[in-house]
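> Predicted model and sequence below, questions to follow.
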Amino acid sequence: MTRILLKYKKTVIRDIIMEKKLLTIGRKSDNDIFIDNQAVSGHHAVIKIEGDGLFIEDSNSLNGTYLEGDGLFIEDLNSLNGTYLNGQKVSKGQLYHGDVILIGVYTLEIISDKIREKDKKSFTIRGRSMEETFVIAPYDKKKMLISTDKNIQDPLGGFIVIEGSTDSKEYQFKDRVSAIGKEKGSAIKLKGLFAPKVAALVNRRKEGYFITPSSNKKLKINGKEIDHRYDLKDGDIVEVAKLKLQFYVKE
Amino acid sequence: MRMYKLNLTAAGKTDQGFARSNNEDNYYVDVKSGLLIVADGMGGHAAGEIASKLAINVIRDYFQGENKFIRNYDQPYAPATNKLNSALCLANLAVFEAAQSSPQLKGMGTTIAAALIIGNKLSIAHIGDSRVYLIRSDNIEQLTDDHSIVNEQVKRDIITKEEAAKSNIKNLLTKALGIAPEVKADLNELTLFDGDILLLCSDGLNTMLTDESILKIISFAKRTSDACEFLINAANEKGGKDNITVIVGYIKKKNWYSAFNKFTESLWG
């Protein structure tokens, strides 16, 4: 006989005897195990008997049940709706005597005659709703980011003034968004009565720099007129408001 | 560079949205000290609300008090930015300790997006996926990088931006305030212009609306309070799947009638 104890902290709230082949768990009242808690989804998970084994399975696409530990029986059912084992998606796990499932602040404890083999460590199954935002442990994070953990550095570049009257001959562009114009605070400040307030915007992103002409302002890159966003490359010649500039990126 | 006075007018608004049974977001607007904060709490029961409120209160109190530097001074950044970082460190500690004190609150945390405007200098500090945007000359640019798994995947070219927008793990954060005794906020600085518009928002806005539609709505609005209302309405029309919080700030040149403008805006508020 299999029993499931629903506990809050150390208090047993319900003692459920597994009489059916399937028990549903969730926040909605039509579940066999009904847990009134925000962190639990309407239909969160099911515990079921298959063959002579007892399993827990995720119920819907917004649900996530987190499984931790090794030596665990997992079956991947190719679903978008995930159950995660150490940050990787699984959708099913086999349950043994003494296992604990954590859902919100409640726990479900399994009492069964199925004893896990000695060499397999006992594991914990954690339940958390995917609808809620939550933080994952750095260990899981590393696993989810398969690629090497190289440090991505922001590119650093700027402009060298080839022609035109400016305060300096070279400008480094450090801000995420900076401007070329007459407006106070512009990275390259234009002079003259008729100089535009903002001639062009320069954006600095992880993937590189790009330049966008201000509405109705003329901007030439390598001699060609540009009327929308342009991704800057090392060595590009930019002509804007009587200035001729060369873009550079430091390695 | 010489400090150049710019005027800030700002308004904020939060809405529960249609799908959630409570609102875990909080915000704070203090035009006088130039402080704008959005926080999106997480945790069961009411813990998320408590976390976001507590974090905001600690940051607010820090700037109303002596505001001493704590932790290491981050040299490349200005004192204002370092102060913002200190405030976030304190808030992190406060939320973390509160979470340890009660099993009901255990595991609670919050995102934070904070902007400090002093003169024509903007300092930003953020943790999590709440965002700061700059709107300048009809262009919108996100100034913060989300601390989320999908954003890390985009940065590493594992998935595209389009795939990220559809991902079912959008809500997985790599960092949050209050879940560990130490956290490192991302800092950034920018020179502000006359006519710039700042937007701070929780993910309830940017998961419902594209950057382009946000830009359109903000450009259409004539007042900060209208902009907030229009943004929230638009996000709710798209489904309002999460709590939505926005702060819109106008940066304007200081002149003799700016005090008058501020006064009339407060009347219409």
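Nice, thanks for sending it over. Treat the numbers as computed from the prediction; the structure is a model and nothing was measured. Residues are numbered from 1 along each chain as shown, chains lettered A, B, ... in the order given.

> which ones are touching the residue in the stretch 151-251 of chain A that chain B sits nearest to?
Taking CB to the nearest CB as the measure, the stretch 151-251 of chain A has residue A:185 as its residue closest to chain B, at 4.2 Å. C-betas here are computed from N, CA, C, even on glycine. Taking CB atoms under 8 Å, 6 or more residues apart in numbering or on different chains, we find residue A:185 in contact with A:179, B:4, B:120, B:191-193.

> And what about residue B:96, helix, strand or coil?
Three-state call for residue B:96 (DSSP: H, G, I helix; E, B strand; the rest coil): helix.

> and the residue nearest to it when sequence neighbours are not counted, how many residues sit next to it?
In this structure, residue B:96 finds its nearest non-sequential neighbour in residue B:178, 5.1 Å apart by CB to CB, 6 or more residues apart in numbering or on different chains. For residue B:178, the neighbour count with other CB atoms under 10 Å in any protein chain shown is 34.

> can you tell me how far residue B:178 sits from residue B:72?
Applying CB to CB, to the nearest Å, the value for residue B:178 to residue B:72 is 21 Å.

> re earlier: what does the pLDDT read for the residue of the stretch 151-251 of chain A closest to chain B?
pLDDT recorded at residue A:185 is 88.

> So it versus residue B:52, what's the distance?
In terms of CB to CB, residue A:185 sits 33 Å off from residue B:52.

> Just to check, residue B:181 is in contact with residue B:95?
No - assessed by CB atoms under 8 Å, residue B:181 is found out of contact with residue B:95, at 10.6 Å.

> Which one's more surrounded, those two?
residue B:95 (31 against 10).

> mind listing what the residue nearest to the more buried one when sequence neighbours are not counted touches?
Nearest in space to residue B:95, with sequence neighbours left out and distances taken as CB to CB, 6+ apart, is residue B:178 at 2.9 Å. The neighbours of residue B:178, taking CB under 8 Å, 6+ apart as the test, are B:51, B:54-55, B:91-92, B:94-96, B:98-99, B:108-110.

> what about residue A:215, which SS state?
Following three-state DSSP, residue A:215 is assigned to coil.

> List the residues that contact the nearest residue to residue B:239 once chain neighbours are set aside.
Spatial nearest neighbour of residue B:239, excluding adjacent residues (CB to CB, 6+ apart): residue B:208 at 6.3 Å. Applying CB under 8 Å, 6+ apart to residue B:208 gives the contacts B:234-236, B:238-242, B:244.

> Tell me the secondary structure of residue A:185, please.
coil.

> Tell me where the chain is predicted with low confidence.
No chain specified, so I'll use chain A. Flagging of chain A using pLDDT under 70 yields the residue ranges A:9, A:37-41, A:44, A:57-93, A:100-106, A:116-152, A:251.

> wait, chain B
The low-confidence ranges in chain B, as defined by pLDDT under 70, are B:1-3, B:45, B:71, B:256-259, B:261-262, B:265-266, B:268-269.

> Pick out the residue closest to the middle of it.
residue B:113 (3.1 Å; CA atoms, centre = their mean).

> Spatially nearest residue to residue B:84, not counting backbone neighbours?
Residue B:84 sits nearest to residue B:125 (CB to CB, 6+ apart), 4.5 Å away.

> Do I have it right that the one you found meets residue B:88?
Yes - if you go by CB under 8 Å, residue B:125 and residue B:88 touch, sitting 5.2 Å apart.

> Mind listing the shared neighbours of the two?
What both residue B:125 and residue B:88 touch, as defined by CB under 8 Å, 6+ apart, is the set B:112, B:114, B:185.

> rewinding a little: now the residue of the stretch 151-251 of chain A closest to chain B: closest residue in space that isn't a chain neighbour?
residue B:191 (4.2 Å).

> Enumerate the residues of the stretch 51-200 of chain B near chain A.
Proximity of the stretch 51-200 of chain B to chain A, by CB under 8 Å from any CB of the partner chain, involves residues B:103-104, B:107, B:109, B:111, B:120, B:129, B:134, B:136-139, B:141, B:143, B:145, B:149, B:152-153, B:155-158, B:168-169, B:171-176, B:179, B:188-194.

> just the helices in chain B please.
For chain B, applying DSSP state H gives helices covering B:47-64, B:79-101, B:149-155, B:161-166, B:203-206, B:211-220, B:224-237, B:258-268.

> what packs against the fifth one?
For helix B:203-206, the contact count by 3 or more CB pairs under 8 Å, 6 or more residues apart in numbering or on different chains; DSSP states H and E identifies helix B:224-237, strand B:244-253 as packing neighbours.

> and what of the fourth one?
Under the contact criterion of 3+ CB pairs under 8 Å, 6+ apart, the helices and strands touching helix B:161-166 comprise helix B:149-155.

> so residue A:242 sits right up against residue A:161, yeah?
No - the criterion here is CB under 8 Å, and residue A:242 misses it with residue A:161 at 11.3 Å.

> Next, count neighbours for residue B:140.
Counted with other CB under 10 Å, residue B:140 comes out at 20.

> Just confirm the residue nearest to residue A:185 contacts residue B:123, I think it does.
No - using CB under 8 Å, residue B:191 makes no contact with residue B:123, being 11.3 Å away.

> if we can go back for a sec, now the contacts of residue B:208 in JSON lines, with neighbour count?
Rendered in JSON lines, the data for the contacts of residue B:208 read as follows (neighbours: other CB atoms under 10 Å in any protein chain shown):
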{"residue": "B:234", "neighbour count": "18"}
{"residue": "B:235", "neighbour count": "29"}
{"residue": "B:236", "neighbour count": "17"}
{"residue": "B:238", "neighbour count": "14"}
{"residue": "B:239", "neighbour count": "12"}
{"residue": "B:240", "neighbour count": "20"}
{"residue": "B:241", "neighbour count": "17"}
{"residue": "B:242", "neighbour count": "25"}
{"residue": "B:244", "neighbour count": "32"}
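
> If we ignore the residues flanking it in sequence, what's nearest residue B:253?
residue B:194 (4.1 Å).

> which one of the helices of chain B has the most crowded surroundings?
Across the helices of chain B, the average number of neighbours (mean count of other CB atoms under 10 Å in any protein chain shown) peaks for helix B:203-206, which reaches a mean of 26.

> Kindly report the residues of the stretch 151-251 of chain A close to chain B.
Residues of the stretch 151-251 of chain A that fall close to chain B, judged by CB under 8 Å from any CB: A:152, A:175-179, A:183-187, A:198, A:201, A:203, A:206, A:212, A:214-215.

> ok, of those residues, which come out buried?
Among those, those classed as buried by 16 or more other CB atoms under 10 Å in any protein chain shown are A:175-179, A:183-187, A:198, A:201, A:203, A:212, A:214.

> separation between the residue nearest to residue B:84 and residue A:205?
19 Å.

> So between the two, which is more surrounded?
Set side by side, residue B:125 and residue A:205 show more neighbours around residue B:125, with 27 against 15, by other CB under 10 Å.

> Please name the residues that touch that one.
Residue B:125 sits next to B:81, B:84-85, B:87-88, B:112, B:114, B:185-188 when contact means CB under 8 Å, 6+ apart.

> Around the residue in the stretch 1-150 of chain B that chain A sits nearest to, how many other residues sit close by?
For the stretch 1-150 of chain B, the residue closest to chain A is residue B:44, as judged by CB to the nearest CB, at 3.9 Å. Residues lying near residue B:44 (other CB under 10 Å) number 21.

> Confirm for me that residue B:112 is in contact with residue B:39.
Yes - the pair residue B:112 / residue B:39 is scored as a contact, 5.1 Å apart, by CB under 8 Å.

> Now for these two: what residues contact both?
B:55, B:130, B:177.

> Now for the residue lying closest to the second one once chain neighbours are set aside: which residues touch it?
In this structure, residue B:130 finds its nearest non-sequential neighbour in residue B:113, 3.8 Å apart by CB to CB, 6+ apart. Taking CB under 8 Å, 6+ apart as the criterion, residue B:113 is in contact with B:37-39, B:124, B:126, B:128, B:130-132, B:144, B:200-201.

> Which of those ranks first by neighbour count?
residue B:39 (33 neighbours).

> residues contacting the nearest residue to that residue once chain neighbours are set aside?
Spatial nearest neighbour of residue B:39, chain neighbours left out: residue B:52 (3.8 Å); criterion: CB to CB, 6+ apart. When the contact criterion is CB under 8 Å, 6+ apart, the partners of residue B:52 are B:24-26, B:39-41, B:110.
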